[in-house]
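J.: can't give you the sequence, but here's the structure:
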Ligand code: SF4
Ligand code: FES
């Protein structure tokens, strides 16, 4: 008898997110599948960082609704799930910006994150590139229901180059993963629990090793800041350029962004991708060493490649630099050749837009008279 042939397991799964269907490799998380689609369909992520193993699952900003679990079991999941920790199943249907439940939950998460976070954006060095500031603008509420005293901490110098402003920390754990995965030995972590939890060095030991500066790059808020740049300038007044040098520190990619004012180098950071994470080169994250970041503050130390491409939504693009990414002309181009799909039904948004009247048939801007029964 012929031996029974086992079916070959599929290598990709089909997943539909906000009405857009794509194929992704088995094992992909919902968040990374949504990032493949891009734009607003990708949920925000304050603690997940693709280059740091084990990150994610702490902040709950990436919550999504699973409207159907899979083709085999199409039941919806009863609660919203963290998209950074949930892997896709074949035939899964996910709702992010098309879900009112998600929008409501995300507003709640932002309210929680801001319970103890000071609203000191006008004096914070992270302003203009802070993910919590962006979330606050997109989902925040104008008031707070919190009536108790906020947690406050004194500022702490951890090592010669980094200042910790714990009052701003949202306990995303990213910096501890950097210390665990990039540096020889970790001397800081989360001490205590609950309301008292804080990032600190144990008995004020200094963080002093070649790659500690990467903690500043991964911090989504202004809790860890560069002491060589603090209060020197607002990021949107500086001009970012891509530069590289032949760095000999093992593990340093030597590729950076210089933040200039005139010819003066105010700050050196790793180069970031569209998700605010360090870019990868040859499949490896482009971490930079402390020598490149803190000691090479002259343009002569670097080979300048050209203006950094800045997302047009970023406040840093307000200077209209030549390197600005100009939006593509057509929706198909923006969506990687795919046809636009319906993301939202306009009739859900406004009662004025009666289902019987097709908006494309109206000449000029529509207003309430257009929809009156007897105009
Ligand atoms: S200091 Fe920054 S990176 Fe570290 S846990 Fe707090 S918010 Fe996250
Ligand atoms: S990004 Fe998913 S829980 Fe924080």
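T.: It's in. Quick caveat: nothing in here was measured; it's all calculated off a predicted structure. Ligands and ions are numbered 1, 2, ... in the order given.

J.: what sits against residue 111?
T.: 140-141, 144-145 (CB atoms under 8 Å, 6 or more residues apart in numbering). Heads up, the C-betas are built off the backbone N, CA and C, glycines and all.

J.: how about the helices in the stretch 101-250 of the chain?
T.: Along the stretch 101-250 of the chain, counting by DSSP state H, counting those that start in this stretch, helices occupy 131-139, 174-182, 214-218.

J.: up against ligand 2, what does this structure have?
T.: 45-48, 56-62, 82, 84 (CB under 6 Å from any ligand atom).

J.: repeat the analysis, applying 5 Å as the threshold.
T.: 45, 47-48, 56-57, 59, 62, 82, 84 (CB under 5 Å from any ligand atom).

J.: between the residues you listed, which sits nearest ligand 1?
T.: Closest approach to ligand 1 among the residues of the chain next to ligand 2 (CB to the nearest ligand atom): residue 47, at 7.2 Å.

J.: the closest one: neighbour count?
T.: Neighbour count for residue 47, taken as other CB atoms under 10 Å: 23.

J.: again with the one 10 residues further on
T.: Here the number of neighbours of residue 57 (other CB under 10 Å) works out to 14.

J.: now do the strands in the stretch 1-150 of the chain.
T.: Along the stretch 1-150 of the chain, counting by DSSP state E, counting those that start in this stretch, strands occupy 12-17, 20-25, 63-68, 81-82, 92-95.

J.: who's in contact with the fourth one?
T.: Where contact means CB under 8 Å, 6+ apart, the residues beyond strand 81-82 that reach it are 30, 56-57, 60, 62-64, 66.

J.: which of those are buried?
T.: 30, 56, 60, 62-64, 66 (16 or more other CB atoms under 10 Å).

J.: may I have the beta-bridge partners of residue 243?
T.: Residues in a beta bridge with residue 243, per DSSP bridges, are residue 256, residue 304.

J.: what's the separation between it and residue 80?
T.: 42 Å (CB to CB, to the nearest Å).

J.: tell me which of these two has more neighbours.
T.: Per other CB under 10 Å, whichever of residue 243 and residue 80 has more neighbours is residue 243, with 24 against 19.

J.: show me what from the stretch 101-250 of the chain comes close to ligand 1.
T.: 169-170, 172, 174-175, 199, 219, 223-224.

J.: the residue lying closest to residue 305 once chain neighbours are set aside: what's it in contact with?
T.: Among residues not flanking residue 305 along the chain, residue 242 sits closest, at 4.3 Å (CB to CB, 6 or more residues apart in numbering). Neighbouring residues of residue 242 by CB under 8 Å, 6+ apart: 255-257, 271, 304-308.

J.: ChimeraX command to pick out the buried ones of those residues?
T.: In ChimeraX, this line selects whichever of the contacts of residue 242 come out buried by 16+ other CB under 10 Å:
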select :255,256,257,271,308
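
J.: need the max-distance pair from the contacts of residue 242.
T.: 255 and 307 (14.9 Å; CB to CB).

J.: how about whichever residue of the stretch 251-375 of the chain sits closest to ligand 1, nearest residue that isn't a chain neighbour?
T.: The nearest approach of the stretch 251-375 of the chain to ligand 1 comes at residue 276, 12.2 Å away (CB to the nearest ligand atom). Excluding the flanking residues, the one nearest residue 276 by CB to CB, 6+ apart is residue 131, at 6.3 Å.

J.: if I look at the one you found, how far off is residue 221?
T.: Distance of residue 131 to residue 221, given as CB to CB: 7 Å.

J.: please apply the same query to residue 310.
T.: To residue 221, residue 310 is 20 Å away according to CB to CB.

J.: in contact with the nearest residue to residue 134 once chain neighbours are set aside, which residues?
T.: What sits nearest to residue 134 in space, not counting adjacent residues and going by CB to CB, 6+ apart, is residue 44, at 7.6 Å. By CB under 8 Å, 6+ apart, residue 44 lies in contact with 61-62, 106, 131, 134-135, 138.

J.: nearest to ligand 2 among those residues?
T.: Closest to ligand 2, out of all of those and judged by CB to the nearest ligand atom, is residue 62, at 3.5 Å.

J.: domain ranges for the protein?
T.: Using automatic domain parsing, the domain parsing of the chain gives 12-112, 117-142+150-226, 235-319, 345-375.

J.: quickly, which of the ones you listed bottoms out on average pLDDT?
T.: With a mean of 63, domain 345-375 has the lowest mean pLDDT of those.

J.: show the subsequent helix or strand relative to the strand or helix carrying residue 306.
T.: Using DSSP states H and E, residue 306 maps to strand 303-307. Once strand 303-307 ends, the next helix or strand along the chain (criterion: DSSP H and E) is helix 331-334.

J.: roughly how far out does that following helix sit from the chain middle?
T.: Its chain's C-alpha centre and that of helix 331-334 lie 23 Å apart, by CA atoms, centre = their mean, to the nearest Å.

J.: next: stretch 69-89.
T.: Between the centre of stretch 69-89 and the centre of its chain there are 22 Å (CA atoms, centre = their mean).

J.: distance between the ends of it?
T.: End-to-end distance of stretch 69-89 (CA to CA, to the nearest Å): 7 Å.

J.: buried ones in it, by neighbour count?
T.: Residues of stretch 69-89 classed as buried under the neighbour-count rule (16+ other CB under 10 Å) are 70, 80-84, 86-89.

J.: from these, which two are the most distant?
T.: Between all members of those, the farthest pair (by CB to CB) comes out as 70 and 84, at 19.1 Å.

J.: residues contacting stretch 9-23, please?
T.: Counting by CB under 8 Å, 6+ apart, 24-26, 28, 30, 33-34, 36-37, 41, 64, 88-98, 335, 338, 341-343 sit against stretch 9-23.
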